[in-house]
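[1] predicted coordinates and the sequence they were generated for:
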Amino acid sequence: MDLGGLKPGGASPGAQDVITDGTSASFAKDVIDASRSALVLVDFWAAWCGPCKQLTPILEKVVKSYNGKVRLVKINTDEHPAIAGQLRIQSLPTVYAFRDGRPLDGFMGALPESQVRSFIDRLLGEGGEDDLAGVLEAAEAALDQGDLQTAAEAFAAVLQEDQQNVQALAGLARCYLASGDTTRAEQTLALVPPDKQGSAPVQSARAALDLAKIAGQDDNSAELEQRLAANPADLKARFDLAVALAARGKKEEALEHLLDLVRRDRNWNDQAARKQLVLLFDAWGPKDPSTLEGRRRLSSILFS
């Protein structure tokens with residue numbers, strides 16, 4: 001994604017004519033020529049497309065608020081398929097942004113108003129740090145909801161502006177992890193500057209990466225459960241079983257074993273159980289219900 005800090009230049013069209021129904025014949029005038037004096041969004045839509053009906057009113061509202069610095073050209077792909085074919089539009093709605101006669105960036109799907117505004121602000125070169133913060137917030141929300149593509153695109157957009165943004169690097173790594181690509185996750189975390197490796201987002205992503213690597217190993221949890229059944233006092237077996245369970249997403253079971261280990265002997269192996277719990281909380285994230293419950297119960301044990 002190209003997020004060059006573009007500045008509006010030249011005369012701005014009047015607010016009354018910033019929204020146009022485009023055609024294949026008028027594309028050069030409405031989009032290519034117009035983009036030399038304003039940012040032009042092209043909304044590719046169709047009457048049968050439900051998400052299009054959600055997005056187009058948002059686009060119209062947001063574009064009008066820029067007082068002529070942004071124009072919107074709406075193209076019905078059923079009636080005018082030629083341009084969509086040339087641009088290889090594969091799904092609707094799709095929005096392309098044009099500046100100086102060429103496409104700059106785009107997105108697919110119906111976005112909320114805040115993300116549409118952030119998209120435009122980036123291309124206009126407005127918003128600065130506040131805008132990046134908004135994009136990061138939207139990216140984190142998408143990641144929390146499991147929308148990996150949207151999250152990854154947003155994190156990548158931030159990195160176009162700030163290649164060493166720790167939150168974006170860590171977030172992109174977590175997107176790769178969620179998709180099962182531990183190699184690219186590790187490569188992404190390697191891009192974090194040495195002096196920022198200890199930051200909270202990076203520590204969290206690295207903890208998640210460590211769990212993913214364990215998950216890729218042979219599952220020995222059955223053997224560990226047998227050892228623990230034969231000897232409940234086998235603290236090493238209990239610890240290893242908790243890690244194996246956590247790596248395979250069995251959070252509640254992992255918590256029970258580690259909390260039990262802290263109750264039995266909180267100082268065992270240099271407080272390994274407590275430290276492992278902290279790593280799991282980092283890997284799961286501060287909003288995860290297991291993190292919230294685990295922190296509460298750990299505090300209750302440690303301060304009882």
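    In hand now; what should we look at? Numbering: from 1, shown residues only.

[2] can you map out the helices along the chain?
    27, 50-64, 81-86, 113-124, 128-144, 148-161, 166-178, 182-189, 200-215, 221-230, 235-247, 251-265, 272-284, 289-302 (DSSP state H).

[3] spatially nearest residue to residue 292 (excluding sequence neighbours)?
    residue 286 (8.0 Å; Cβ to Cβ, 6 or more residues apart in numbering). For the C-beta atoms, the positions are set from N, CA and C on the backbone; glycine is no exception.

[4] how about residue 295?
    residue 281 (6.2 Å).

[5] ok, back up a step: reformat the helices of the chain as CSV; add mean neighbour count.
    Below are those laid out as CSV (neighbours: other Cβ atoms under 10 Å):
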stretch, mean neighbour count
helix 27, 18
helix 50-64, 17
helix 81-86, 15
helix 113-124, 21
helix 128-144, 17
helix 148-161, 20
helix 166-178, 24
helix 182-189, 17
helix 200-215, 19
helix 221-230, 14
helix 235-247, 21
helix 251-265, 18
helix 272-284, 20
helix 289-302, 14
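
[6] out of those, which is closest to residue 18?
    When the helices of the chain are compared by Cβ to Cβ, helix 50-64 sits nearest residue 18, at 5.7 Å.

[7] what is the mean pLDDT for the closest one?
    For helix 50-64, the mean per-residue pLDDT is 93.

[8] which strands or helices does it pack on?
    strand 19-21, strand 39-45, strand 70-76, helix 113-124 (3 or more Cβ pairs under 8 Å, 6 or more residues apart in numbering; DSSP states H and E).

[9] which of those has the lowest average pLDDT?
    Looking at those, the bottom one is helix 113-124 with a mean of 87.

[10] and that helix with helix 50-64, angle?
    50 degrees (axes from the mean of the first three to the mean of the last three Cα atoms, to 10 degrees).

[11] of all the helices and strands packed on helix 50-64, which one comes closest to residue 217?
    helix 113-124 (38.7 Å).

[12] check which helices and strands the closest one sits against.
    Using 3+ Cβ pairs under 8 Å, 6+ apart: helix 113-124 touches strand 39-45, helix 50-64, strand 94-99, strand 102-108, helix 128-144, helix 148-161.

[13] in the fourth one, what's buried?
    Neighbour-count burial for strand 102-108, counted by 16 or more other Cβ atoms under 10 Å, picks out 104-108.

[14] now that strand: average pLDDT?
    89.

[15] can I get the CA coordinates of it in CSV?
    In CSV, the C-alpha atoms belonging to strand 102-108 read as follows (Å, rounded to 0.1, in the frame of the first residue of the first chain):
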residue,chain,number,x,y,z
ARG,A,102,-2.6,7.7,-11.3
PRO,A,103,-4.0,5.3,-8.7
LEU,A,104,-2.4,5.7,-5.2
ASP,A,105,-4.1,3.2,-2.9
GLY,A,106,-7.4,1.5,-2.4
PHE,A,107,-9.5,-0.8,-0.2
MET,A,108,-12.2,-3.4,-0.6
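
[16] what about it, distance to the chain center?
    When distances are taken as Cα atoms, centre = their mean, to the nearest Å, strand 102-108 is centred 19 Å away from the chain's centroid.

[17] next one: the third one
    Distance, stretch centre to chain centre, for strand 94-99: 21 Å (Cα atoms, centre = their mean).

[18] can you dump the C-alpha atoms of it in CSV for me?
    The C-alpha trace of strand 94-99 is given here as CSV (Å, rounded to 0.1, in the frame of the first residue of the first chain):
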residue,chain,number,x,y,z
THR,A,94,-13.8,-1.5,-4.2
VAL,A,95,-12.5,2.0,-3.8
TYR,A,96,-9.5,3.4,-5.6
ALA,A,97,-7.9,6.8,-4.8
PHE,A,98,-6.4,8.7,-7.7
ARG,A,99,-3.9,11.6,-7.6
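
[19] so what strands line up beside that strand?
    Sheet pairing of strand 94-99 (DSSP bridges) gives strand 39-45 (antiparallel), strand 102-108 (antiparallel).

[20] quick one: these as TSV, columns for distance to residue 150 too.
    Listed next are the strands paired with strand 94-99 as TSV, based on distance: least, Cβ to Cβ, whole Å:
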stretch	distance to residue 150
strand 39-45	18
strand 102-108	9
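
[21] of those, which is nearest residue 84?
    Minimum separation from residue 84 across the strands paired with strand 94-99 (Cβ to Cβ) falls at strand 39-45, 5.4 Å.

[22] fine by me, we can end here.
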